[in-house]
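**Student:** Need the 3D shape of this:
(chains A and B)
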Amino acid sequence: MILDSLRKALLERAAAWAKEAGVEAPEGLALAAPPPHVKAEVSLPWPMVLGKRLRKNPMGVAKDLAARFKDIPEIESAVAAPPGFINIALKTSALCANVKAVTLAPEGYGRDAEAKPRKILAEFVSANPTGPLHMASGRGATLGDAMVRILRRIGHEVWAEYYVNDAGARVTLLGESLKARYDELHGRPAQVPEGGYQGDYLKDLAARLPEAAKSWGADEFGRWAMDTLLASHKKDMDDFRVSFDRWFKESELHASGAVEKTLQFLKDRGMVYEKESALWLGTSSDEKAGDDKDRVLVRSDGRPTYFLPDIAYHKTKYDRGYAELIDIFGADHHGYVPRLKAAIAALGRDPDSCHAIVHQLIHLYRGQEAVKMSKRAGTFVSLREVMEEAGTDACRFFFALRTPDSHLNFDLELAKKQSSDNPVYYCQYVHARICSIFREAAKQGILPTGAALPAPDARLLAAPEERALMAKIAWFPAALKSCEKELSPHPLANYVLELAGVYHSFYEKCRVNDAANPDLSRARLLLCAGTRDVVAQGLGLLGVSAPQEM
RNA sequence: GCGCCCGUAGUGAAAAGGAUAUCACGACAGCCUCCGAAGCUGUAAGUCCAGGUUCGAUUCCUGGCGGGCGCACCA
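**Tutor:** Prediction:
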């Protein structure tokens, strides 16, 4: 890609300059997009960094460096600008060539050439199968699934897993709750137990129970409910276009003895002690691991806490050969992260190899009014409901657009009534519009020919809007790299939105189909094709469709 | 009380310590005999407060103020 090769060439020359000047070579410096008033495609703040190291005037450094950059073949001009920037304008031919290079790029092109593929296991959603999937799960699902797609596109090896908490006292409680609804339905007075699951969805489930339920005990009710709910989670994820390589059940860990073995492993490492007849994980003394207190692994009554099987699960991740983990949590579980990292350290693994992404909660509104949600009271809004009302595309784009750190306000009224205001349509419209332009071009008989579309002819494309569009396309791999760095798809979503804006401006200014000027038409069609491919790729990585018509 | 996250135009957000802070919605004024007006062009409007580090701070540090979340032998 042009920016990669450019950066390499720039760094080489900057390093040579630095060596002569007797200063440390400029490592890790990145290219930047210049502000709108600057007529250039790439901007470097390097001279200000180097000037500081060298205690020289940054403007002087900028002029020296700019002079050395001029022989790089892709560069049209490199000029120093106060207080010490170098603004680089690229040759139109280089930009044109890049349009095809970006869209035809193989897997792995966003990764730095010298970087090795990372081997990552991403775990996300992992909701308890005790109720329908919550709207908030949609955010974690979107972040996780988009990151899996993006990291794979960059050339990393990534697997996606959903951890199913299908063991423990919950099964019985769920079963008792469902049994109460079942009895209620058949005219027998019954009460959902204290602390049980109150939601109406259990009434719906009760109506679907098989004949055999008559003779079931609470555990059988619980087992059936979990299987049924898990199936609904799978269906929801499917319809939300989220795929997992594996649904990992907690019960498997108990069945295989992995929980016991993990406890023994931790004991052998001297991490476990007994206090008040419970077993504790002694991690609070480990400064690096960062948890502030010791945690219980096995209760005084002999039952394991949630924590122990979860440690066992994380142990299997490493044992199965994944070098890095990504775990996505909602903000209501952020307090769990230090504990988990401490446990990973206790297993003898580097806690930094586990990347915890904590996304803030979604605040649901109906117009101005905040909707209070409680899972136990059953007043939550399900992912299914939101998905059907606002559409998968709108939900996913909206969830992907914000950094995980920000609180997200989701207005159901807006999503329902004015869904065409959603920015996702702005992006999809570009794709549909270009497809339409190609249909029109076919009618007029001015389509570009050739099995593989060539790069547009640089001699014909000189308008500022054309250059701006080509430059924007050139930044696509950089957007993916930002996603990798931040472990969030939001730089890509914002990029697609900006690309859409640049394209719409181009469209207004530059007539594409013109039978009187077929050569120019073909050059512009090729530029349109490049835009279409980048938009389709970008939306695809976010799990959003790119329709040919809207 | 302690910990984590967040305070950016009317609203919701973006911004490897860089230039005149970007985008969408909303408001106002224009643009379809012409490839899709779900679009474009223009205008008004913004970094919570006080210090500090820096040539340069929305970004980093300290202290306020405001909002969210969490502090279990729950999961």
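**Student:** Quick check: phi and psi on A:E157?
**Tutor:** For A:E157, the backbone dihedrals (degrees, to the nearest 10) come out as phi -100, psi 110.
**Student:** Could you double-check that it sits in contact with A:L121?
**Tutor:** No. The criterion here is Cβ atoms under 8 Å, and A:E157 misses it with A:L121 at 9.6 Å. All C-beta spots, glycine's among them, are computed from the backbone N, C-alpha and C.
**Student:** How much space separates A:L487 from RNA strand B?
**Tutor:** Using Cβ to the nearest atom of the strand, to the nearest Å, one gets 12 Å for the distance from A:L487 to RNA strand B.
**Student:** so what's that residue up against?
**Tutor:** A:147, A:326, A:355, A:357 (Cβ atoms under 8 Å, 6 or more residues apart in numbering).
**Student:** and A:E157 and A:L121? which has more neighbours close in?
**Tutor:** A:L121 (24 against 13; other Cβ atoms under 10 Å).
**Student:** so what's the more buried one up against?
**Tutor:** Shown in contact with A:L121 (Cβ under 8 Å, 6+ apart): A:158-159, A:161, A:317, A:320, A:322, A:324-326.
**Student:** Can you say which of these are buried?
**Tutor:** Neighbour-count burial (16 or more other Cβ atoms under 10 Å) is assigned, among the contacts of A:L121, to A:158-159, A:161, A:317, A:322, A:324-326.
**Student:** In strands only, show me those.
**Tutor:** A:158-159, A:161, A:324-326 (DSSP state E).
**Student:** What about contact with RNA strand B: does the top helix by length along chain A have any residue there?
**Tutor:** With secondary structure taken from DSSP state H, chain A has its longest helix at helix A:518-541. No. Judged by Cβ under 7 Å from any atom of the strand, helix A:518-541 makes no contact with RNA strand B; its nearest approach is 7.6 Å.
**Student:** And that helix, what does it pack against?
**Tutor:** If contacts are counted by 3 or more Cβ pairs under 8 Å, 6 or more residues apart in numbering; DSSP states H and E, helix A:518-541 sits against helix A:92-103, helix A:135-154, helix A:423-444, helix A:464-474, helix A:476-486, helix A:490-509.
**Student:** Which parts of the stretch 301-450 of chain A are strands?
**Tutor:** All strands of the stretch 301-450 of chain A, identified by DSSP state E, counting those that start in this stretch, fall at A:324-330, A:354-359, A:362-366, A:369-370, A:408-411.
**Student:** nearest to A:A225, of the buried ones among the contacts of A:L121?
**Tutor:** A:E161 (22.7 Å; Cβ to Cβ).
**Student:** For that closest one, give its distance to A:R7.
**Tutor:** 35 Å (Cβ to Cβ, to the nearest Å).
**Student:** returning to that earlier point: closest one of the contacts of A:L487 to RNA strand B?
**Tutor:** A:I357 (11.1 Å; Cβ to the nearest atom of the strand).
**Student:** isn't A:W17 right next to A:A66, touching?
**Tutor:** No. Taking Cβ under 8 Å as the definition, A:W17 is not a contact partner of A:A66, at 10.6 Å.
**Student:** can the strands of the stretch 301-450 of chain A go into CSV with extra columns for distance to RNA strand B and mean pLDDT?
**Tutor:** Formatted as CSV, those follow (distance: least, Cβ to the nearest atom of the strand, whole Å; pLDDT from 0 to 100):
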stretch, distance to RNA strand B, mean pLDDT
strand A:324-330, 8, 95
strand A:354-359, 6, 94
strand A:362-366, 7, 77
strand A:369-370, 9, 66
strand A:408-411, 5, 78
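**Student:** Take these and write them to a markdown table, including distance to A:N57.
**Tutor:** A markdown table is the format used below for the strands of the stretch 301-450 of chain A (distance: least, Cβ to Cβ, whole Å):
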| stretch | distance to A:N57 |
| --- | --- |
| strand A:324-330 | 43 |
| strand A:354-359 | 41 |
| strand A:362-366 | 50 |
| strand A:369-370 | 55 |
| strand A:408-411 | 46 |
